[in-house]
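Participant: kindly return the folded structure for what I paste below:
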Amino acid sequence: LSPISPLAFAYFGSIRAAMGEFREAYRFAKIAKALSVKFGSNNEAAPMVCMLTTQILAYVEPVQSVVGFHEEGGSAAIASGYTNIGIYNLYLGAGLSLQTGRKLKSVINNYEKCGRLAKQHQHFHVLVCMMPPYRAALALVGAE
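Facilitator: Residues are numbered from 1 along each chain as shown. Alright, predicted model coming up:
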C-alpha cells in the first residue's frame, strides 16, 4: 500500500455506487477513509478521497457523520494546493452543516470561510450557489 492507495479504493467504491452496488461501494469507501486516516490528510490523495467517499458514506450513514469529513477534506485540499477540491468540499460541508442542524454560528463560519476562498480563487459559481443558504442562516440568527 502507498499514500495513493486510498484514492484507488475511493474511485472503485464510486464505480460500484454508480452501478447501484451500494453495500460494496460503502465497504470500499470505509477502506479508503481508514487508509486516508492512516496515511494522513497531508498526502496528495486525501482531498479527493474525502470528496469521493463522503458521497457514498452519506448514502448509508447518517449525513451528520460526514460533515466533518468534508470540512477536513477541504482544509487538507487547500493546504495541499488543490483549491478547487478544497472549495467544493467546504461548500458541501457548509450546506450539510446547515441541513443537519449544526449550530448556526458554526454554519455561518463555514460559509464565510468557503466564501472567502471562493472569492480569492474566483469561484463565482460557488459564491452564487452559497448565497441563499448563507443568507438564510444569517436571517435565522437575526443578522440580516
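Participant: which of the helices or strands spans residue 14?
Facilitator: Using DSSP states H and E, residue 14 falls within helix 5-18.
Participant: mind checking which helix or strand of the chain has the lowest mean pLDDT?
Facilitator: Every helix and strand of the chain was ranked by mean pLDDT, DSSP states H and E. The lowest is helix 46-60, at a mean of 78.
Participant: pull the residues that contact the following helix or strand past the helix holding residue 14.
Facilitator: Next along the chain after helix 5-18, taking DSSP H and E as the criterion, comes helix 22-39. Here helix 22-39 makes contact (C-beta atoms under 8 Å, 6 or more residues apart in numbering) with 1, 3, 5-7, 9-10, 12-14, 16-17, 45-46, 49-50, 52-53, 56-57, 59-60, 69. The C-beta positions use only the backbone N, C-alpha and C, and glycine is treated the same way.
Participant: those residues, buried ones only, as a ChimeraX selection?
Facilitator: In ChimeraX syntax, the buried subset of the contacts of helix 22-39 is picked out as below (16 or more other C-beta atoms under 10 Å):
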select :3,5,6,7,9,10,12,13,14,16,17,45,46,49,50,52,53,56,57,60,69
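Participant: give the contact list for the residue nearest the centre of the chain.
Facilitator: By C-alpha atoms, centre = their mean, the chain has its centre lying nearest to residue 70, at 2.5 Å. With contact taken as C-beta under 8 Å, 6+ apart, residue 70 is in contact with 50, 54, 89, 90, 92, 93, 96.
Participant: check whether it sits in a helix, strand or coil.
Facilitator: Three-state call for residue 70 (DSSP: H, G, I helix; E, B strand; the rest coil): helix.
Participant: so what's it scoring on pLDDT?
Facilitator: pLDDT for residue 70: 83.
Participant: repeat for residue 144
Facilitator: Per-residue pLDDT puts residue 144 at 66.
Participant: over to residue 41?
Facilitator: At residue 41, pLDDT is 59.
Participant: same thing with residue 36?
Facilitator: At residue 36, the model reports a pLDDT of 82.
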